[in-house]
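A.B. asks: please find the sequence and the predicted model below.
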Amino acid sequence: MLSRVAENIYWTARYLERAEDTARLINSTSNLLLDLPRNADVEWYELIPVFGAENQYKELYQDNQDERSVMRYLIADKRNPGSIVNCIVAARENARVSRDIIPYEMWEQANELYHFANEYAQGAVGRRKRNDFTSELIQGCQTMVGITMGTLPHDEAYQFLRIGRNLERADMSSRILDVAAAQLLPDEGEINPAFATVRWIGVLKSLNAFQAYRQQGLVGISGSAVLRYLLQNREFPRSIKHCLEEVKACLAVLHNSEKIQQKLKLLTKELETVDVNELRRAELHQYIDELQEGISNLHASIANTYFL
Amino acid sequence: MSIDFTNYGPLDGYDEFISKKGNPRRIARQVCRYFSGLTSEEVQELKQASDLAIKALGISFTVYSEGSNIDRAWPMDLIPRLIASKDWKVTETGLKQRLKALNMFINDLYHEQQVVKDGVFSGEVLAGARNYRKQCEGISPPFGVWAHICGTDLVRGGDGTQYVLEDNLRVPSGVSYMLENRHVMKRVFPELFEHIEILPIDDYTTKLFEMLAALSPRQGDTPEVVVLTPGIYNSAYFEHSYLAQQMGAELVQGCDLLVAADDCVYMKTIYGPKRVDVIYRRIDDDFLDPEVFRKDSTLGVPGLMRAWRKGNVGIANAPGAGVADDKVVYYFVPELIRYYLNEEPIIPNVPTYLCMREDDRSYVLDHLDELVVKPANESGGYGMLVGPKATKKQLKQFAKLIEEDPRNYIAQPTLHLSTVPTLIENGRVGPRHVDLRPFTLQSKGFYTTMGGLSRVALPEGSLVVNSSQGGGSKDTWVIDLEDAK
């Protein structure tokens, strides 16, 4: 398999996952904001730090932090490289240059998503049609995952696709946890802010984890239990532990992956041993920073080994 | 309201469906009957279904416009072009005859040049041949074949006679659209395929792969064949990826390949370099190898010519094959067929004037407003003059160009290309001019596509079929009339 093609496939998966995760986050935030009273002091703008996009956002929208501006930036703004529309365009471009090896149906689906996003993204900035847009987009991305599993031979190309998807997902989950923790975990001496439970439910829902979390049979929803679940649960497909396990399985199939596997092992070990109950806001933030750096190092080793 | 073929517009020359008397020709009867039986709503629905299929399949072409590339949905007309299989057999034989002679000619040019010594081909023309590559002299590619893939443009004149208009021997494109048109038509008109004996075209990519595999320098069953593309911004990128995918070959760019110290070609894979046996290149000679041709080329592979010269890699079409893709050489092809094969040409050339010949030149300059003037080495319909449609200023400009560089121009009478009914607005049909580009392969043996890509000039009266200039396309059905149900 050509190095360049492996890289394209990897990025196709990453961009699709990024688009899907962004849509999920927008969905759950919309729901959450509908539930909370007006004085709950939760703002749309809180989504911007999740993407680490404070600076660019400020440049483009100055001090406008209203719902429409935030939504335009995240969904339809062509100037934002991470907007849903741009992610879909990038995914399609990467698929386009891999067309000789990806199954026809994958290309058709990438193409369909592209036409869909281009046509409807602008309309989804307003509240009325937004849910339809995000839901259909999520479904379209999931269709792509299904087509991939069912039609792409499970050879190297498939592993790169899976690695891309899971690294992106782990990265996005960690970002969501980071921002949630900054707002919701108690710091020295402070008590939980208002509506903490509802907001932790919101965090679960943004990763589609509410139902699965509930099925564990835990009583109540606490910050530390949610964190533990989303960081360390092995079975839930959007928990970070699960994503890393997936990457591990993929690496086992590829040759010359020993060094990368070593790095992954260290990262996983830290993840398993971190004591969520004991973490305070600042420590958690620091840990998640390390985790994200680990994920990005993993990407760098994969690129250095295979994408030359 | 339904489609009326018997009175469908002023016929301008030879119509392939309708006779001069206004009746459907035998070959077109079933198709006419089918389309006449549709209401205009049904026609609209079918048109929508076909547009949707084209969009969903991502069949597109790229146009350069105002400095940027635009990806456009491929335009295909619903009404097919029809050819009787017994007529096609003759055409096919003629195409193979022509390619065989052209390959013997190219091989001769890069060796003894006997054809020049015997006075059949003009040394003056050879001296001015822009696509002649000195670097290829003395090289003997497998089977003596240089042009492995040839796209021949065929047209019918006003009296229905079929002519060769052009031989495209460099990197001819369009075959993927031929295949995809059929794909779409099968989706949209499954019932027609059930009732009419339409000969299949699907084996092209298999034959292409076999032809390429025969060029492999290594023995064995699994030669590594790659398609070399200039990349995603090339107008034919869709086709490059399509063909690679259909052949199960890697689609590579120049940056994916390298020539190692052993003068073999390798591609960069995730597990290190892997030997490449055959390159189906879709980039021009000029860009192929910066060590030998254009030094500023970033699309090519340094050292590629070295590897090829040593016989370590097969390249199709061979570097230098473009020497015969020249509209002045075209003039000589009937003579070349007689010279090399001792046969009469089966498909004639369009009558052609060579501007480098004094008599011809003065005729051309006197009749510029009636003729079509073409530069020797352009493709895609660029740099042409269509006399009857030109302004005074353009005529003057071309007269000057011809006088300055007569070797670079030929002229031909304006052909009234044949017409085929084509859907125009409001579910009506009108006669539109068409050409046909079949593809012929040669390495160990020969193969010709069943029919080819029919291109159609969509604006009324237009003779320009190039997709970059407002042309559309039609699926082309070679029909076995004897078996018609």
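C.D. replies: Yep, it's here.
A.B. asks: which positions in the stretch 251-400 of chain B make contact with chain A?
C.D. replies: B:251, B:252, B:253, B:255, B:256, B:267, B:268, B:269, B:270, B:271 (Cβ under 8 Å from any Cβ of the partner chain). In short, each C-beta sits where N, CA and C put it, glycine included.
A.B. asks: can you report how many residues neighbour the fourth one?
C.D. replies: For residue B:255, the tally of surrounding residues (other Cβ atoms under 10 Å in any protein chain shown) stands at 14.
A.B. asks: residue ranges for the helices of chain A, please.
C.D. replies: Ranges of helices in chain A, per DSSP state H, are A:3-35, A:47-50, A:54-61, A:67-71, A:84-96, A:104-120, A:130-151, A:156-184, A:196-206, A:210-214, A:223-232, A:240-253, A:258-273, A:281-306.
A.B. asks: contact partners for residue B:470?
C.D. replies: Neighbouring residues of residue B:470 by Cβ atoms under 8 Å, 6 or more residues apart in numbering or on different chains: B:457, B:458, B:459, B:462, B:464.
A.B. asks: most neighbours, which of these?
C.D. replies: residue B:457 (22 neighbours).
A.B. asks: so what's the residue nearest the centre of chain A scoring on pLDDT?
C.D. replies: With distances taken as Cα atoms, centre = their mean, residue A:172 lies nearest the centre of chain A, 3.0 Å away. Note on residue A:172: pLDDT of 93.
A.B. asks: now do it against residue A:212, distance only.
C.D. replies: Distance, residue A:172 to residue A:212, using Cβ to Cβ, to the nearest Å: 17 Å.
A.B. asks: can you check residue A:22 too?
C.D. replies: 21 Å.
A.B. asks: residue A:156 is in contact with residue A:256, isn't it?
C.D. replies: No. Using Cβ atoms under 8 Å, residue A:156 is not in contact with residue A:256, being 11.5 Å away.
A.B. asks: and the two? Which one has more around it.
C.D. replies: Using other Cβ under 10 Å, the more surrounded residue of residue A:156 and residue A:256 is residue A:156, with 20 against 12.
A.B. asks: quick check: residue B:204 touching residue B:175?
C.D. replies: Yes. The criterion here is Cβ under 8 Å, and residue B:204 meets it with residue B:175 at 6.3 Å.
A.B. asks: find the residues that touch each one of these two.
C.D. replies: Shared contacts of residue B:204 and residue B:175 (Cβ under 8 Å, 6+ apart): B:439, B:449.
A.B. asks: contact partners for residue A:78?
C.D. replies: Here residue A:78 is in contact with A:85, A:86 (Cβ under 8 Å, 6+ apart).
A.B. asks: re the thing from before, quick one: closest of the helices of chain A to residue B:400.
C.D. replies: Residue B:400 lies closest to helix A:84-96 among the helices of chain A, at 44.0 Å (Cβ to Cβ).
A.B. asks: what is the neighbour count of the one residue in the stretch 51-200 of chain B that gets nearest to chain A?
C.D. replies: Ranked by Cβ to the nearest Cβ, the top residue of the stretch 51-200 of chain B for proximity to chain A is residue B:58, at 4.4 Å. By the criterion of other Cβ under 10 Å, residue B:58 has 25 neighbours.
A.B. asks: once you drop chain neighbours, what's closest to it?
C.D. replies: Leaving aside its chain neighbours, residue B:58 sits nearest to residue A:111 (4.4 Å; criterion: Cβ to Cβ, 6 or more residues apart in numbering or on different chains).
A.B. asks: which pLDDT value goes with the one you found?
C.D. replies: Reading off the model, residue A:111 has pLDDT 89.
A.B. asks: swap in the one 4 residues further on?
C.D. replies: The confidence metric pLDDT takes the value 92 at residue A:115.
A.B. asks: contact partners for it?
C.D. replies: Residue A:115 touches residue B:55, counting by Cβ under 8 Å, 6+ apart.
A.B. asks: flag the shaky bits of the stretch 351-485 of chain B, pLDDT-wise.
C.D. replies: B:379-381, B:468, B:483-485 (pLDDT under 70).
A.B. asks: circling back to that earlier point, report the two of the contacts of residue B:470 separated the most.
C.D. replies: B:458 and B:464 (9.5 Å).
A.B. asks: spell out which residues are contacts of both of these two.
C.D. replies: Common neighbours of residue B:458 and residue B:464, counting by Cβ under 8 Å, 6+ apart, are B:470, B:471.
A.B. asks: the stretch 51-200 of chain A against chain B: which residues are in contact?
C.D. replies: Residues of the stretch 51-200 of chain A lying near chain B (Cβ under 8 Å from any Cβ): A:93, A:96-97, A:99-101, A:104, A:107-108, A:111-112, A:115, A:156.
A.B. asks: if we go to 6 Å?
C.D. replies: Within the stretch 51-200 of chain A, the positions near chain B by Cβ under 6 Å from any Cβ of the partner chain are A:97, A:99, A:100, A:107, A:108, A:111.
A.B. asks: need the nearest residue in space to residue A:181, chain neighbours excluded.
C.D. replies: Here the residue nearest residue A:181, using Cβ to Cβ, 6+ apart, is residue A:284, at 4.8 Å.
A.B. asks: show me how the record splits the chain into domains.
C.D. replies: Went with chain A since none was named. For chain A, the structural domains run A:1-152, A:153-308, going by automatic domain parsing.
A.B. asks: if you could check chain B rather than the one you did, that'd help
C.D. replies: If you go by automatic domain parsing, chain B breaks into B:218-312, B:351-414.
A.B. asks: residues in contact with residue B:419?
C.D. replies: By Cβ atoms under 6 Å, 6 or more residues apart in numbering or on different chains, the residues touching residue B:419 are B:15, B:431, B:432, B:433.
A.B. asks: follow-up on the earlier one: hang on, isn't the residue nearest to residue A:181 packed against residue A:182?
C.D. replies: No. Contact between residue A:284 and residue A:182 fails when scored by Cβ atoms under 6 Å: they sit 8.4 Å apart.
A.B. asks: more neighbours: which of those two?
C.D. replies: Between residue A:284 and residue A:182, counted using other Cβ under 10 Å, residue A:284 has the larger neighbour count: 23 against 16.
A.B. asks: for residue B:436, which three-state class applies?
C.D. replies: Look at residue B:436: counting by DSSP: H, G, I helix; E, B strand; the rest coil, its state is strand.
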